[in-house]
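1. predicted coordinates and the sequence they were generated for:
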Amino acid sequence: MIETHYMNRILLASAFLLVNISAAFADGIPSVVPASVGSISAMVSPAPRVPAPKLVEPHLHIARSNVAGHARIALTFDACMGQADERILSTLVRERIPATIFVTARWLKRNPAALAVFLQNPDLFELENHGQNHIPAVDTPTLVYGIASAGSPQAVRQEVEGGAAAMVAAGIPAPHWFRGSTAKYDLSAIGEIRAMGYRIAGYSVNGDGGSLLGAVITEKRIASAKDGDVVISHINQPTHAAGEGVAKALVDLKAKGTEFVRLEDVEDTGDDKTTE
Ligand SMILES: [Zn+2]
């Protein structure tokens, strides 16, 4: 999903910048591209125009409960990189709320304590694949929110397989769902990932706007999820206000009688050929 430093990079598009961005991204350290770079790229001859691939951001719904007062909702959380948000994690555990967590290899490496909590509560947490290095699963070169895409079918495969291998090595059951960085794909990458045996996890409610929304609006968005919705938000930004709203919304939903399910527990319907 969108994070602040990605947004800052949206307008940057030269090949020179792309190299810098992917290098910075690989370190997980937001970087500011020097202003002089723009003038350098302006002086060289224009790069050949490659048409931008058509990207989709698929939707996912789950089978409704159709029981008044007991909406069925699948909470999904992305653990992209960085830390664990204890506000959310502790609420899930304390309130015994099941959820599906999409983890990257990078995040797993840095958060053994949170991983231990997930593994100690297998009745609550389904862990699924968010990739190896949090690189968008797009099989042609492009930028998504300023992040360099995987760029080839081989690199998409590496992102998916590398994520799964890290999970299994960490003692997590082999994943069945994949959600790529930014939740955007091109259709050919979707086909490739499906051919690897994965379902691809879209969503129907964007709970926290890439963890950039305020606490109040985040709480309101998530707490207003309806029967059959799949909510996406983030569990890796403990310093962002959004996480406070997420934690409150969990309590709100529980008080409303919500039936919380994981993706593995229910039938689902995804568009853009993500699950059929
Ligand atoms: Zn992510």
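-> Noted; the coordinates are in hand.
2. what about the residue of the stretch 51-200 of the chain at minimum distance from the ion, neighbour count?
-> Closest contact between the stretch 51-200 of the chain and the ion, by Cβ to the ion, is at residue 80 (3.2 Å). All C-beta atoms are positioned from the backbone trio N, CA, C, and that covers glycine. Other residues lying near residue 80 total 23 when counted by other Cβ atoms under 10 Å.
3. was I right to think it contacts residue 107?
-> Yes - using Cβ atoms under 8 Å, residue 80 makes contact with residue 107 at a distance of 6.5 Å.
4. anything in contact with each of the two?
-> 130, 236 (Cβ atoms under 8 Å, 6 or more residues apart in numbering).
5. residue contacts, the nearest residue to residue 245 once chain neighbours are set aside?
-> Ranked by Cβ to Cβ, 6 or more residues apart in numbering and with sequence neighbours excluded, the top spatial neighbour of residue 245 is residue 218, at 3.0 Å. Contacts for residue 218 (Cβ under 8 Å, 6+ apart) come out as 207-209, 233, 241-242, 244-246, 249.
6. can you tell me which of these lies nearest to residue 161?
-> Lowest distance from residue 161 to those (Cβ to Cβ) belongs to residue 233, with 26.2 Å.
7. name the nearest residue to the closest one, ignoring sequence neighbours.
-> Closest to residue 233 by Cβ to Cβ, 6+ apart is residue 207, at 3.6 Å.
8. from residue 172, how far off is the residue lying closest to residue 103 once chain neighbours are set aside?
-> When the adjacent residues along the chain are set aside, residue 103 lies closest to residue 79, with 4.6 Å between them (Cβ to Cβ, 6+ apart). As defined by Cβ to Cβ, to the nearest Å, residue 79 lies at a distance of 12 Å from residue 172.
9. how about residue 274?
-> 22 Å.
10. show me where this structure has its helices.
-> 4-7, 15-27, 35-43, 86-94, 105-110, 112-120, 153-169, 187-195, 215-223, 242-255 (DSSP state H).
11. of the ones you listed, which is nearest residue 66?
-> Among those, helix 242-255 sits nearest to residue 66 (Cβ to Cβ), with 17.5 Å.
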